[in-house]
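Engineer: What follows is a protein structure lacking sequence information:
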């Protein structure tokens with residue numbers, strides 16, 4: 001996404017020291033006659049990390065091709081007068097491979113856009129003029145093989161520049177706010193109209209055998225129809241890909257507001273026909289090189305060298321999802337790779353200090369966990385934890401608190417239909433994994449793969 005109407009990057013203060021703080025929970029409950037309270041923690045009691053990459057696609061350097069089109073629509077904007085014609089027209093697959101392999105080696109996960117008709121250059125499910133069909137085929141194969149395992153794939157609408165007439169497949173005439181996706185629509189649109197536009201983009205990527213899990217809005221797309229956009233994103237993703245938990249990315253939270261995923265457009269709550277859309281925000285500005293790849297990289301704004309300062313450090317200390325944002329041309333930096341090198345330093349610094357208390361996740365994984373966290377019914381009675389979940393969620397983690405648990409020797413057992421499985425005790429909190437538990441003073445933390453439907457965990461006293 002280009003840094004237009006949609007996003008305001010606000011400054012935030014560095015939080016208090018991380019030392020001694022728990023990874024706090026996001027929901028609580030209690031059983032009065034037992035005094036046991038529960039909190040649903042982050043997965044495996046670790047702060048989620050993720051990386052959202054916008055303006056990525058196959059081969060096309062969006063900074064090079066978008067800038068003159070934005071300039072035609074807004075000729076007085078200074079950033080559209082930059083020397084785009086000197087920038088590379090291509091971000092080569094060799095760079096995709098270098099980035100993807102480094103991230104896989106270091107466990108980095110997130111979201112990677114694929115613009116279906118990048119800046120009107122060509123259709124990824126047909127051909128991309130300026131590149132051979134074999135080059136396009138190879139580029140799509142690289143995304144499927146290298147990126148898809150660790151990255152959610154999103155369309156960033158159809159072109160990221162001109163609005164497409166769905167009846168003709170051609171751009172609307174007369175470049176301006178009403179005909180550019182970054183400012184579209186300028187008038188009220190129905191949920192069905194918006195869903196049709198999103199579905200058009202999704203079907204192109206489905207034709208490319210790319211498994212989309214969400215959508216990303218380019219620039220200020222949907223600013224005037226935010227409630228309708230949320231519903232439309234859910235409808236389009238369910239229609240084209242049959243998704244159980246659709247999500248979208250549009251917002252950036254860089255102030256004091258929470259960075260937790262937001263449950264929206266919920267219907268059928270408490271039934272077997274629940275429908276929803278998850279809004280997953282980012283938590284940082286774009287500081288690696290900008291959407292044109294022409295700005296100096298400022299990786300220290302995410303994290304400094306010893307991970308004592310920076311927005312990602314601030315979020316980790318607060319125990320909130322730390323979702324980093326950038327644009328693909330900013331990592332490539334018009335061939336210098338400066339943004340990518342700063343990114344590597346940021347990740348290395350965060351791992352060095354916070355590796356035991358953080359966990360990289362796709363944003364679809366974050367959306368699933370948050371859906372389960374908010375919608376799962378948890379009841380505790382006679383040292384039995386009963387759960388009724390509308391969605392499965394790996395590494396579901398509950399903390400139980402009661403002074404009477406101090407010094408109590410127990411043996412937790414997971415009970416599902418026809419299955420009983422004892423949980424393994426770990427000696428340190430950071431060792432939590434699926435099927436394990438940890439005890440500390442008057443608290444017990446249970447970590448397990450939550451199934452859809454009913455399940456129980458029995459705390460048998462020994």
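Structural biologist: Sure thing, it's come through. Since we're looking at a predicted model, the values are computed, not measured.

Engineer: can you pull the buried residues of stretch 412-428?
Structural biologist: Residues of stretch 412-428 classed as buried by neighbour count (16 or more other C-beta atoms under 10 Å): 412, 414, 415, 423, 426. Using the backbone N, CA and C atoms, a C-beta is placed for each residue, glycine as well.

Engineer: The third one should be in a helix, yeah?
Structural biologist: No: applying DSSP: H, G, I helix; E, B strand; the rest coil, one finds residue 415 to be strand, outside a helix.

Engineer: ok, the residue nearest to it when sequence neighbours are not counted - contacts?
Structural biologist: Excluding the flanking residues, the one nearest residue 415 by C-beta to C-beta, 6 or more residues apart in numbering is residue 456, at 4.3 Å. Residues in contact with residue 456 (C-beta atoms under 8 Å, 6 or more residues apart in numbering) are 384, 385, 386, 387, 414, 415, 416.

Engineer: Dump those into CSV; add pLDDT and distance to residue 435 as well.
Structural biologist: Listed next are those as CSV, based on pLDDT from 0 to 100; distance: C-beta to C-beta, whole Å:
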residue, pLDDT, distance to residue 435
384, 89, 18
385, 93, 15
386, 95, 18
387, 96, 15
414, 92, 7
415, 90, 13
416, 84, 12
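
Engineer: Using TSV, please lay out the buried residues of stretch 412-428 together with distance to residue 306.
Structural biologist: Below are these laid out as TSV (distance: C-beta to C-beta, whole Å):
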residue	distance to residue 306
412	38
414	41
415	46
423	37
426	29
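
Engineer: my guess is residue 74 meets residue 81, correct?
Structural biologist: No: look at residue 74 against residue 81 with C-beta atoms under 8 Å: they stay out of range, at 10.2 Å.

Engineer: Of those two, which one has the most company?
Structural biologist: A count of neighbours by other C-beta atoms under 10 Å puts residue 74 above the other of residue 74 and residue 81, at 16 against 11.

Engineer: hmm, back to that, quickly name whichever of the contacts of residue 456 is closest to residue 393.
Structural biologist: For these, the closest approach to residue 393 (C-beta to C-beta) belongs to residue 387, at 10.3 Å.

Engineer: since we're on the residue nearest to residue 298 when sequence neighbours are not counted, how many residues are nearby?
Structural biologist: Once flanking residues are discounted, residue 298 sits nearest to residue 287: 4.4 Å by C-beta to C-beta, 6+ apart. Residue 287 has 24 neighbours, counted by other C-beta under 10 Å.

Engineer: May I have the phi/psi pair for residue 287?
Structural biologist: The phi/psi pair for residue 287 (degrees, to the nearest 10) reads phi -120, psi 10.

Engineer: From residue 45, how far out is it?
Structural biologist: 29 Å (C-beta to C-beta, to the nearest Å).

Engineer: do the same with residue 259
Structural biologist: Residue 259 sits 18 Å away from residue 45, taking C-beta to C-beta as the criterion.

Engineer: Please identify the helix or strand for residue 175.
Structural biologist: Counting by DSSP states H and E, residue 175 is held by no secondary-structure element, helix or strand.

Engineer: same thing with residue 350?
Structural biologist: Using DSSP H and E, residue 350 falls within helix 338-354.

Engineer: so what does that helix touch, helix or strand wise?
Structural biologist: helix 93-106, helix 311-318, strand 322-327, helix 328-332 (3 or more C-beta pairs under 8 Å, 6 or more residues apart in numbering; DSSP states H and E).

Engineer: Check the offset of that helix from the chain's centre.
Structural biologist: In terms of C-alpha atoms, centre = their mean, to the nearest Å, the centre of helix 338-354 is found 19 Å from the chain centre.

Engineer: Show me the shaky parts of the stretch 151-300 of the chain.
Structural biologist: Within the stretch 151-300 of the chain, no stretch has pLDDT under 70.

Engineer: Dump the helices and strands packed on helix 338-354 into a markdown table; add distance to residue 363, mean neighbour count and mean pLDDT as well.
Structural biologist: Shown next, in a markdown table, are those (distance: least, C-beta to C-beta, whole Å; neighbours: other C-beta atoms under 10 Å; pLDDT from 0 to 100):
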| stretch | distance to residue 363 | mean neighbour count | mean pLDDT |
| --- | --- | --- | --- |
| helix 93-106 | 15 | 16 | 98 |
| helix 311-318 | 15 | 23 | 98 |
| strand 322-327 | 7 | 28 | 98 |
| helix 328-332 | 16 | 27 | 98 |
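
Engineer: Let me know which of the ones you listed is the nearest to residue 396.
Structural biologist: Distance to residue 396, taken as C-beta to C-beta, is lowest for strand 322-327 among the helices and strands packed on helix 338-354, at 20.3 Å.

Engineer: can you give me the helices for the stretch 51-200 of the chain?
Structural biologist: In the stretch 51-200 of the chain, helices defined by DSSP state H, counting those that start in this stretch lie at 62-73, 93-106, 133-142, 191-207, listed in chain order.

Engineer: For the longest one, buried residues please.
Structural biologist: Of the residues in helix 191-207, those buried by neighbour count under the rule 16+ other C-beta under 10 Å are 191, 194-206.

Engineer: Closest one of the residues you listed to residue 328?
Structural biologist: Residue 328 lies nearest to residue 205 out of these, by C-beta to C-beta, at 16.0 Å.

Engineer: my read: that closest one touches residue 152, true?
Structural biologist: No: Residue 205 lies out of contact with residue 152 (C-beta under 8 Å); the separation is 11.9 Å.
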